[in-house]
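Student: here is my input, please return the structure:
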Amino acid sequence: MATALNLKRKNIDLPVETLQKLSIMAVAQGKSLKNYIETILISKAEAISVEVNENPSPSGDPWFDDPENMASVRRGIAEMEAGKGRAYSMEEIRELLGV
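Tutor: Residues are numbered from 1 along each chain as shown. Here you go, the predicted structure:
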């Protein structure tokens, strides 16, 4: 269970009917309503698996899964942030390519 050092207090609003049902279930288990709700929420949260995908593509483009490609992207971002890069418009790119 969580210790006092890593708890976060949060007020929540629930419909009256929901609280009544939860109260009945808490009494049936010999718990206070607060403890019963906390137990349910903690159990639910522990059952959830959270995964972070570094792929920045909304469509999941596999190009971004290649570590070398991502390293290149990160280098480019770092260069831009350091003022060493330049952004080109599509028109400038076409001119440079002679298209």
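Student: ramachandran coordinates for the residue of the chain positioned farthest from its centre?
Tutor: For the chain, the largest distance from the centre (C-alpha atoms, centre = their mean) belongs to Gly98, which lies 43.4 Å off. For Gly98, the backbone dihedrals are phi 70, psi 30 (criterion: degrees, to the nearest 10).
Student: quick check: pLDDT value at it.
Tutor: You'll see Gly98 listed with a pLDDT of 91.
Student: next one: Leu14
Tutor: On the pLDDT scale, Leu14 is placed at 95.
Student: and Ser43, what does it touch?
Tutor: By C-beta atoms under 8 Å, 6 or more residues apart in numbering, Ser43 lies in contact with nothing. (Glycine included, C-beta is placed from N, CA and C.)
Student: meant to ask about Asn55, not that
Tutor: The contact partners of Asn55, taken as C-beta under 8 Å, 6+ apart, are 61, 64-65.
Student: do that again at 6 Å, thanks
Tutor: With contact set as C-beta atoms under 6 Å, 6 or more residues apart in numbering, Asn55 has these partners: 64-65.
Student: that one: what secondary structure?
Tutor: Judged by DSSP: H, G, I helix; E, B strand; the rest coil, the three-state class of Asn55 is coil.
Student: tell me the confidence at it?
Tutor: On the pLDDT scale, Asn55 is placed at 84.
Student: how's the chain carved up into domains?
Tutor: 13-47, 62-97 (automatic domain parsing).
Student: just the buried residues of the last one, please?
Tutor: What that stands for is domain 62-97. Under the neighbour-count criterion of 16 or more other C-beta atoms under 10 Å, domain 62-97 has Phe64 buried.
Student: for it, the distance to its chain's centre please.
Tutor: Relative to its parent chain, domain 62-97 has a centroid offset of 26 Å by C-alpha atoms, centre = their mean, to the nearest Å.
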